[in-house]
Every structure is written in structure tokens, then in C-alpha cells.
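Trainee: just the structure for this:
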Amino acid sequence: SSTCAAVANGAVDVALRASTANLWRDGSFGVDFSDAYLATGLKVLSHSSLGVSRIDQLNGTTIGVIDGTTAAQNLRLALSKTGESARILSYANATELYNAFRTSAVDSIARDGALLAGFQQQLSSEVNPIATTLLNGQLSYEPLAAVVDENQSKFLDLVNAVIAILQQ
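Mentor: Below is the predicted model:
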């Protein structure tokens with residue numbers, strides 16, 4: 001929500017901050033989304049010591065998410081489908097979320113799969129590596145897109161053109 005607000009009030013012209021394009025945000029914040037530059041989805045990264053490989057094995061665990069993202073809502077929906085109950089804890093930003101995972105304040109974290117894969121690689125190459133498991137299955141579809149003010153259609157066209165060129 002802070003990303004959308006920064007664009008809507010003119011503090012920034014364009015935001016590329018792993019923002020999921022959806023109609024609720026589009027209508028609520030007075031912003032438009034570019035074409036998706038990355039299609040990813042919500043995944044869960046757990047400490048390997050838990051011995052889990054699927055979301056239906058997370059009963060009674062703690063899962064961290066970033067506050068204000070779509071992760072908590074999508075995670076609750078996925079857990080309700082499996083009948084599992086986990087405690088979802090929100091953190092203000094990625095740094096706090098990752099620190100909570102590093103210190104075992106949470107058993108798992110939920111975020112876009114592409115971002116979790118990078119974090120998992122980082123954890124494995126640290127001085128004291130942390131063994132992790134990226135759980136099987138994607139819990140949602142998250143089209144990541146640039147955020148621009150809704151009154152800047154020519155600028156949005158330019159952003160979409162750049163994305164199209166980069167994708168080619």
C-alpha cells in the first residue's frame with residue numbers, strides 16, 4: 001500500500017517493487033499497473049529441520065509474511081483448503097521478515113517464489129549456512145508489474161514498451 005500511495009501522490013513516477021497487479025489495488029489507490037514483467041506466485045520457505053515438504057504439513061507452525069502484501073490472504077486461503085492451522089506473523093518489511101527467519105522466530109516464510117529462491121541461495125552461501133526447504137506447490141499466481149499514476153497513460157505506454165523490449 002505504501003508503494004501505491006507514493007505513486008498516487010506523485011512522490012515517485014514509477015515503482016518497480018515486486019508489486020502484484022490486481023484490480024483491488026488499481027481501484028483503491030488511483031494507480032495503474034503495467035503489463036506484468038514477471039509471473040511468479042506465493043511459495044513457502046521452511047527450515048529444513050521441520051521436515052516438511054508441502055503446505056499440508058504446516059499445522060501448528062509459525063509463518064512470517066510482509067505486512068500489506070497479498071501473502072497473508074493467499075496463505076490463509078491455501079491453509080483453509082488443506083485444513084491446516086498455522087500462526088501467521090506479519091513483519092514491516094523484507095529485512096525484518098528475513099531476520100525473523102534467520103533467528104528462528106518463525107518456522108517458515110511466505111513470499112513470491114522468485115524472491116524466496118534468491119533468499120534460499122543467500123542462506124546456503126553464508127558463513128553459517130541455514131538449511132532450508134522450498135515447499136512443493138505454488139499457492140497463488142502473482143503477476144508482478146510496475147505501478148504508475150492512473151492519469152499518466154502515455155507514460156504507462158512507455159513503461160509497457162520498455163517491458164516488452166526487455167522480455168524480447
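Trainee: shaky segments in this protein?
Mentor: 1, 18, 20-29 (pLDDT under 70).
Trainee: redo that, cut-off 80
Mentor: Across the chain, the ranges flagged by pLDDT under 80 are 1-12, 15-30, 151.
Trainee: quick one: the strands in this structure?
Mentor: Secondary structure of the chain (DSSP state E): strands at 14-20, 31-40, 42-47, 62-66, 87-91, 108-112, 132-134, 142-149.
Trainee: which of the ones you listed sits closest to Q122?
Mentor: strand 132-134 (10.1 Å; CB to CB). Just so you know, the C-beta spots here come from the backbone N, C-alpha and C atoms, and that holds for glycine as well.
Trainee: sorry, back to before: need the strands of the chain in TSV (columns: distance to V7 and mean neighbour count).
Mentor: Output for the strands of the chain, formatted as TSV (distance: least, CB to CB, whole Å; neighbours: other CB atoms under 10 Å):
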stretch	distance to V7	mean neighbour count
strand 14-20	5	18
strand 31-40	5	19
strand 42-47	23	24
strand 62-66	18	22
strand 87-91	23	16
strand 108-112	20	26
strand 132-134	31	18
strand 142-149	5	23
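Trainee: using a markdown table, lay out these together with distance to L77.
Mentor: A markdown table is the format used below for the strands of the chain (distance: least, CB to CB, whole Å):
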| stretch | distance to L77 |
| --- | --- |
| strand 14-20 | 14 |
| strand 31-40 | 17 |
| strand 42-47 | 10 |
| strand 62-66 | 13 |
| strand 87-91 | 12 |
| strand 108-112 | 12 |
| strand 132-134 | 20 |
| strand 142-149 | 13 |
